[in-house]
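**Q** Following is a predicted model, sequence given first.
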Amino acid sequence: DPFSGILLAVFLYATGGGLIEVIVSPMVEACPTRRKAAAMSLLHSFYSWGQLAAVGLSTLYFAVAGLAAWRMLTLLWAVLPLLNGMAFLFVRIASPAPEASGAGEVRRLFGNRYFYLFLLLILCAGAAELTVCQWASAFLETGLGIPKATGDLLGVCLFSVFMGLSRVLYGLFSERLPLRNFLILSGILCVVSYLMLSLSANPYVV
């Protein structure tokens, strides 16, 4: 069943992507830098630049080779995680010094009510991000009659550009921007944007 194969592939690459994030983030946190928040913000901006490169290069590939050649594109993109895996196998990585018992820390984490609030926040933010990112391309294609290639570039790519820029800007000016105020402003902008998406009748506003 092809659909089962797609589900299995999504499960595997989503698991791998999540593991890479939780491995690389502590590495950056452990680096002897003074501006930890800026370094983490810049690190996570590369998710946006990677998404931008993937969509842009894939769109260019389909424009040249056609949609029927999608299997070869899949094999080409598979080279990147293969290189990542080789890097993790052969590059020496220093183990962080243990700070506390792992089991005790996990029990304390699950006993903190704020943990579940942040878990819900991450779940909703991730779902909203991916939904809007994919929906924008489909809406431009079906709602405004824009070709798929243009819809991908204006939808997914533009979304990635602004998401990456916001992280880079915070990384550059983190000493001048209080984190709490930045988060509050970002939350307000998200609420306004989602209200415009769901309530506006003007397709160009949406």
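**A** Right, received. Where do you want to start? Since we're looking at a predicted model, the values are computed, not measured.
**Q** chain center to stretch 84-95: distance?
**A** 23 Å (Cα atoms, centre = their mean, to the nearest Å).
**Q** quick thing: my sequence starts at 18, can you match it?
**A** Okay, using 18 as the starting number, the last item reads as stretch 101-112.
**Q** okay, how far is it across that stretch, tip to tip?
**A** This stretch, stretch 101-112, spans 19 Å end to end (Cα to Cα, to the nearest Å).
**Q** And for that stretch, what's in contact with it?
**A** By Cβ atoms under 8 Å, 6 or more residues apart in numbering, the list of residues contacting stretch 101-112 from outside reads 37, 40, 44. Just so you know, the C-beta spots here come from the backbone N, C-alpha and C atoms, and that holds for glycine as well.
**Q** Okay, and which of the residues you listed map to strands?
**A** The members of these all map outside strands under DSSP state E.
**Q** would JSON lines of these with pLDDT and neighbour count be doable?
**A** Formatted as JSON lines, the contacts of stretch 101-112 follow (pLDDT from 0 to 100; neighbours: other Cβ atoms under 10 Å):
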{"residue": "Ile37", "pLDDT": "83", "neighbour count": "14"}
{"residue": "Ile40", "pLDDT": "82", "neighbour count": "11"}
{"residue": "Met44", "pLDDT": "83", "neighbour count": "12"}
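**Q** residues touching the residue nearest the centre of the chain, list them.
**A** For the chain, Tyr64 is the residue whose C-alpha lies nearest the centre (Cα atoms, centre = their mean; 4.8 Å). Contacts for Tyr64 (Cβ under 8 Å, 6+ apart) come out as Gly181.
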